[in-house]
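Novice: take this sequence and fold it.
(4 chains)
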There are 4 protein chains.
Amino acid sequence: MLLEALRTAVLEANLELVRRGLVLYTFGNASGVDRAQGLVVIKPSGVDYDDLRPEHMVVTDLHGNIIDGTLKPSSDLDTHTLLYREFPTIGAVIHTHSEFATSFAQAGLPIPALGTTHADYFYGPVPCTKPLTDKAISARYVHETGLAITQLFADQGIDPLAVPACLVNGHAPFAWGKDPHDAAHNAVVLEAVAKMAYNTLTLIPNHPGVSQALLDRHYFRKHGSTATYGQ
Amino acid sequence: MLLEALRTAVLEANLELVRRGLVLYTFGNASGVDRAQGLVVIKPSGVDYDDLRPEHMVVTDLHGNIIDGTLKPSSDLDTHTLLYREFPTIGAVIHTHSEFATSFAQAGLPIPALGTTHADYFYGPVPCTKPLTDKAISARYVHETGLAITQLFADQGIDPLAVPACLVNGHAPFAWGKDPHDAAHNAVVLEAVAKMAYNTLTLIPNHPGVSQALLDRHYFRKHGSTATYGQ
Amino acid sequence: MLLEALRTAVLEANLELVRRGLVLYTFGNASGVDRAQGLVVIKPSGVDYDDLRPEHMVVTDLHGNIIDGTLKPSSDLDTHTLLYREFPTIGAVIHTHSEFATSFAQAGLPIPALGTTHADYFYGPVPCTKPLTDKAISARYVHETGLAITQLFADQGIDPLAVPACLVNGHAPFAWGKDPHDAAHNAVVLEAVAKMAYNTLTLIPNHPGVSQALLDRHYFRKHGSTATYGQ
Amino acid sequence: MLLEALRTAVLEANLELVRRGLVLYTFGNASGVDRAQGLVVIKPSGVDYDDLRPEHMVVTDLHGNIIDGTLKPSSDLDTHTLLYREFPTIGAVIHTHSEFATSFAQAGLPIPALGTTHADYFYGPVPCTKPLTDKAISARYVHETGLAITQLFADQGIDPLAVPACLVNGHAPFAWGKDPHDAAHNAVVLEAVAKMAYNTLTLIPNHPGVSQALLDRHYFRKHGSTATYGQ
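Specialist: Numbers count the residues shown, from 1 in each chain, chains lettered A, B, ... in the order given. The predicted structure follows:
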């Protein structure tokens, strides 16, 4: 079976989203990329999670052409492939409608960096795109969704591995990482961070966010050549 | 046993409500209709879910006359039968007191379409009836509850399959669908959508709702002859 | 063993509180009364729920004198016995620190009747006592807690079986019923009703409550000689 | 194995945090101290809870020098050891990012004493430190985190056993107790108290807190030579 290990990792990432309560029914999808072969492995569309097996995963190239698989790929495929093309350092993409991150996306608000839980994973606010124009929606909508993300990161000069998530306005979050396990982990932490940001902002509406010094300290504690966390 | 498959489907829909945390004790009820025979299958009133078996389901005609069954039908029967008579395209009805949808019903507020999760299932706001008049309450109350729903849909020209749910003011939601499985699914998604609308509106009180273009794109992605979602 | 059936029912009511997430660790307690013998059965103080057996229940008279049992009774005993003396129609008392009912008690706010879920169980707002005076707190505090409840019901002319719960200001709820099963059921529904009232009031702060007609219709649907709910 | 009973107690406290939903992934850590030997037992950094065994615990002296263990200790070690040096009456320290306590920490707000649940465990508000200065953050950050706690308690004359928790501004809570079991218990109750304080303050923003008389009554009901709670 082509890309067997990656299929298993993508399936496992999907199941982690279920276990952590991030997806309801078949909402949400995960994919991973094999950079050497230029191939993407993604969940099929609308299949019950209980029935998912590695062989059900769909393999496409970086432009979404199906290479292997009999099922239709996730309807969000074009967003995933665009992210892989534009963010060459990422290895996996996750999309969920997790409750609190989606609530910020619906409000059109970024998730500000309000504490060290956030700073451990996201080096600055998790941004929210502008609403898609009617023209973008009626054209290649799924592609345009990805474009809204990649253009926002380009315009604001954000490194996608430093802030491995983005909210799509009126829709829901996308998260990513170096591999499917890491991307799912980031999606789960994003939801926890969004929940605490919701609580914080409903207690005190105007919060300046943590200091740059605290953001630096926590982010670099877990990332880069000076990381000290873990074994 | 009369209507055995429909009894099983109605029971299963009731149990799905329990599994998804939508009902407490015996709150909530599901029914289904056999249009060819003009018969309704509905949960009995106030029986523990653990004890429910297909043979406990009550069979009535479309006016609530009992055709088969020794137990009393759900006390909301007259709302169910009115919905079947007035909405000829629906095949099942669900009533719950699920927490967030009920909170909007208590507030007398519709659930606005704030994102794509909503738009995937409900083609516009989930409306809320006006409060029932004292006269309606003291007359055929359960029938009047159904009337408040069907008149609201008629007045606003809403297709019941395009918006398969309604909030009853000061009471709780009703949802429906083409069959019991579909109706329960809509009731579960309604609660998720209500929860995220609550979060969104407590973050930013005045939200214009998503654009018509986004509503169209997501709704028709899953519904109608141009649907692309799933296998 | 004295009062064996009542001991089992009281223990079962305590366990129902745990199953429904109303108590954390050993918070909360249940008791029942045998009116014929004038004896109260109550949970012992601070014993892990996992270890509780019917024989651990403590038996007292209506003034809290221990009749049977080697363990110390719940520290709230004097509130329970006062409620039994002053409310001769009740058969069981429950005390919890369940999250949302306690939040209203801490806010010093009654839980208004905002919908039919409330009206099915509580015929009007669930009242909240005034804060206890320093004198009452430093005197027979647990007895004074009960007095705050019974005097409030007397002053406002509330029938304890029509509104089977009260919030103690700055403390938490007490609920009761005709037997331990019924009292635990009321405590569980009180928490659900409090949660939905919280959501409703944070969506729209000033809510007039449901109409008297709706309150009448739902309450008498489940209570009194004209009740129609259940089998 | 050195300090075998304490290792088991520290591991068990960590697992209690998982069971009660206070930690996500490897967030959070527990430690305990053997005062006679001057040794600290602490969780290793970033190891999955499922894989933790007593022999994985790391043993250090009161200044964080590793005495026994092959794994790296929790990255928060320097906060733990400072608390042990400055608070000689405590026997265990817990750090979590539990949702509601962390939300107050992010808001920079103390958790006021709003009810008896709070008063049973915390004799006054759970304080929140000032934000750490950039200098403190860029210096010995983890040590400075502990210093912010101990200086706050010294400045305000708070007995660490009377208020066994503190919020670190922009970060999360620390809790402690006489042994690991007790410290974990305090961390769990802190989260419950924070959740109810959140609900209370979003219902009524300005709350004066409970009276000193009620605080005294409840706190001394469970603590000190006049305690009456439990067996």
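
Novice: just give me the longest helix of chain A.
Specialist: Determined from DSSP state H, the single longest helix within chain A is helix A:180-203.

Novice: which residues sit against the helix or strand following it?
Specialist: The first helix or strand that comes after helix A:180-203 along the chain, using DSSP states H and E, is helix A:212-222. When contacts are defined by Cβ atoms under 8 Å, 6 or more residues apart in numbering or on different chains, helix A:212-222 is touched by residues A:113, A:116, A:119-124, A:162, A:226-230, D:75, D:131-132, D:134, D:137-138, D:141, D:170. Yep, even glycine has a C-beta here, placed from its N, CA and C like the rest.

Novice: for ChimeraX, what selects the buried ones among those residues?
Specialist: Burial among those is assessed by 16 or more other Cβ atoms under 10 Å in any protein chain shown; the matching ChimeraX selection reads:
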select /A:113,116,119,120,121,122,123,124,229 /D:75,131,132,137,141,170
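
Novice: where exactly do the helices run in chain A?
Specialist: A:4-19, A:77-86, A:99-107, A:116-119, A:134-138, A:141-156, A:180-203, A:212-222.

Novice: okay if I get the ones you listed as CSV plus mean pLDDT?
Specialist: Shown next, in CSV, are the helices of chain A (pLDDT from 0 to 100):
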stretch, mean pLDDT
helix A:4-19, 96
helix A:77-86, 98
helix A:99-107, 98
helix A:116-119, 97
helix A:134-138, 96
helix A:141-156, 98
helix A:180-203, 98
helix A:212-222, 90
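
Novice: quick one: closest of these to residue A:66.
Specialist: helix A:77-86 (9.3 Å; Cβ to Cβ).

Novice: dig out what the residue nearest the centre of chain A forms beta bridges with.
Specialist: Taking Cα atoms, centre = their mean, the centroid of chain A lies closest to residue A:175, which sits 1.2 Å from it. Beta-bridge partners for residue A:175, by DSSP bridges, are residue A:94, residue A:165.

Novice: that one contacts residue A:165, doesn't it?
Specialist: Yes: contact criterion Cβ atoms under 8 Å: residue A:175 and residue A:165 qualify, at 4.1 Å.

Novice: so how far is stretch A:1-11 off the chain centroid?
Specialist: The chain centre lies 19 Å from the centre of stretch A:1-11; the measure is Cα atoms, centre = their mean, to the nearest Å.

Novice: please save the CA atoms from it in PDB.
Specialist: Output of stretch A:1-11 as PDB, limited to C-alpha atoms (Å, rounded to 0.1, in the frame of the first residue of the first chain):
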ATOM      1  CA  MET A   1       0.000   0.000   0.000                       C
ATOM      2  CA  LEU A   2       1.400   3.400  -1.100                       C
ATOM      3  CA  LEU A   3       2.500   5.600   1.800                       C
ATOM      4  CA  GLU A   4       1.300   3.200   4.500                       C
ATOM      5  CA  ALA A   5       2.900   4.900   7.500                       C
ATOM      6  CA  LEU A   6       1.600   8.300   6.500                       C
ATOM      7  CA  ARG A   7      -2.000   6.800   6.000                       C
ATOM      8  CA  THR A   8      -1.800   5.400   9.500                       C
ATOM      9  CA  ALA A   9      -0.600   8.700  10.900                       C
ATOM     10  CA  VAL A  10      -3.300  10.700   9.200                       C
ATOM     11  CA  LEU A  11      -6.000   8.300  10.400                       C
END
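
Novice: what comes into contact with that stretch?
Specialist: Outside stretch A:1-11, the residues that reach it (Cβ under 8 Å, 6+ apart) are A:30-32, A:34, A:37, A:39, A:41-43, A:52-55, A:57, A:59, A:67-68, A:92, A:179-181.

Novice: among the residues you listed, which ones are buried?
Specialist: Using 16+ other Cβ under 10 Å, the buried ones in the contacts of stretch A:1-11 are A:30-32, A:39, A:41-43, A:52, A:54, A:57, A:59, A:92, A:179-181.

Novice: out of those residues, which comes closest to chain D?
Specialist: Nearest to chain D among those, counting by Cβ to the nearest Cβ, is residue A:181 at 11.5 Å.

Novice: wait, the closest one sits on residue A:14?
Specialist: No: here residue A:181 does not reach residue A:14: they are 11.5 Å apart, not a contact under Cβ under 8 Å.

Novice: nearest residue to residue A:137 in space, ignoring adjacent ones along the chain?
Specialist: Counting by Cβ to Cβ, 6 or more residues apart in numbering or on different chains, residue B:213 is the residue found nearest to residue A:137 once chain neighbours are left out, at 4.3 Å.

Novice: what's the answer for residue A:14, then?
Specialist: In space, residue A:14 is closest to residue A:30, 4.7 Å off (Cβ to Cβ, 6+ apart).
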